[in-house]
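J.: give me the fold of what follows.
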Amino acid sequence: MLSRVANSIYWMSRYLERAENVARFIAVNVHLMLDMGLDADNTQWKPLVVTTGDDADFDKRYHNANEKNVIQFLTFDPKNMNSILSCIQYARENARTVREIISSEMWEQINDLYHYVQKHSRKRHIVDLHTFYTHIRTYSHLITGLCENTMSHGEGWHFAQIGKMLERADKTARMLDVKYFLLLPNPEYVDSPYDAVQWGAVLKSANAFEMYRKHFHRVSYKDVTDFLIFDKEFPRSMMYCVQAAAGCLAQIANDRSSPLPAQIEMTKLHKSLLSTSVETVLANGLHEFIDVFQFNLNIVDRAIHQSFFDLSA
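T.: Got it, this is the predicted structure:
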């Protein structure tokens, strides 16, 4: 497979996953606002920006983190390369260049999604966008299903899976880090109904609430942290995502006589998760653990670029 084609499939998948995650974060935050009886002025909007990692860019161009500014920045801001609008544009452009690799059904849905986002791009208030965010997630699930069932599971499919899984791992880590930082410093909320609602929102942000409740009887920060980092069966946990990406990478490079930089770095990342536990993570600091994880995730991304996409290498 050409490096250009592999790169386009990888980033097509990452951008689609990124758009879905942003849509879900916003929708969950709105439901949390309703569950806790808060109005728009008292809702914490800034953590949504922090979760995406674009808070520095937001602070430069917006005066305060109110509903209007955050919704615009995360959803329709063309200058924010991680807004839903931008992600869908980039995903469509990458998909357009690899139409001979992906299925026609996938291309049609990605193209439809692009036009759907463009059609709604003038809306600015959350009350007008509830259905919009639901449709973004539905489109994403549909495209994921088409990728699974209409593409041959060869190199192209494996690159799409790697992109999706690394993006998921990154967003689960960011979301857990931000919410943990906001909730844990309030000891009066520990084991309170407020605490349960907030940590329930963390799980819903990762589509994990129902599966979590099948494993644990109550919502607690330790069990939520354990589930979202170390569960080997839930498809949005950091462990599962890294394992799945490592498996696809091994399939792509299975005929190599020596391991590629991407394989070496992916193995290090996987072993760093296998060699620790939730007790160790919480004792040493979740924020510190997430920082190291994301640093290593970025190293893996650069190693994938070096191994497969960088023609000069």
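J.: give me the element the residue in the chain sticking out farthest from the centre is part of.
T.: Within the chain, Ser257 marks the point farthest from the mean C-alpha position, 33.2 Å out by CA atoms, centre = their mean. Assigned by DSSP states H and E, Ser257 falls within no helix or strand.
J.: just the pLDDT for it.
T.: On the pLDDT scale, Ser257 is placed at 73.
J.: which stretches of the stretch 1-150 of the chain have low pLDDT?
T.: For the stretch 1-150 of the chain, the stretches with pLDDT under 70 are 1, 33-43, 123-127.
J.: again, only this time at 50
T.: Across the stretch 1-150 of the chain, the ranges flagged by pLDDT under 50 are 42.
J.: can you show me the helices along the stretch 151-300 of the chain?
T.: For the stretch 151-300 of the chain, helices defined by DSSP state H, counting those that start in this stretch occupy the ranges 155-183, 193-205, 209-215, 221-230, 238-252, 261-274, 278-284, 286-304.
J.: most neighbours per residue, which of those?
T.: Comparing the helices of the stretch 151-300 of the chain by mean neighbour count (mean count of other CB atoms under 10 Å), helix 155-183 ranks first with a mean of 23. C-beta here means a position set from N, CA and C on the backbone, and glycine is covered the same way.
J.: mind checking how far it is from the chain centre?
T.: 4 Å (CA atoms, centre = their mean, to the nearest Å).
J.: quick one, that helix and helix 261-274 angle?
T.: Calculated by axes from the mean of the first three to the mean of the last three CA atoms, to 10 degrees, helix 155-183 forms an angle of 40 degrees with helix 261-274.
J.: for helix 155-183, packing partners?
T.: Judged by 3 or more CB pairs under 8 Å, 6 or more residues apart in numbering; DSSP states H and E, helix 155-183 is in contact with helix 3-35, helix 46-52, helix 126-150, helix 193-205, helix 221-230, helix 238-252, helix 286-304.
J.: one more time with 7 Å, if that's ok
T.: helix 3-35, helix 46-52, helix 193-205, helix 221-230, helix 238-252, helix 286-304 (3 or more CB pairs under 7 Å, 6 or more residues apart in numbering; DSSP states H and E).
J.: quick check: mean pLDDT of that helix?
T.: On average, helix 155-183 scores 89.
J.: quick one, domains of this protein?
T.: With domains defined by automatic domain parsing, the chain comprises 1-151, 153-313.
J.: re the thing from before, could the helices of the stretch 151-300 of the chain go into CSV alongside distance to His63?
T.: What follows is those, written out as CSV (distance: least, CB to CB, whole Å):
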stretch, distance to His63
helix 155-183, 21
helix 193-205, 26
helix 209-215, 34
helix 221-230, 33
helix 238-252, 35
helix 261-274, 39
helix 278-284, 37
helix 286-304, 28
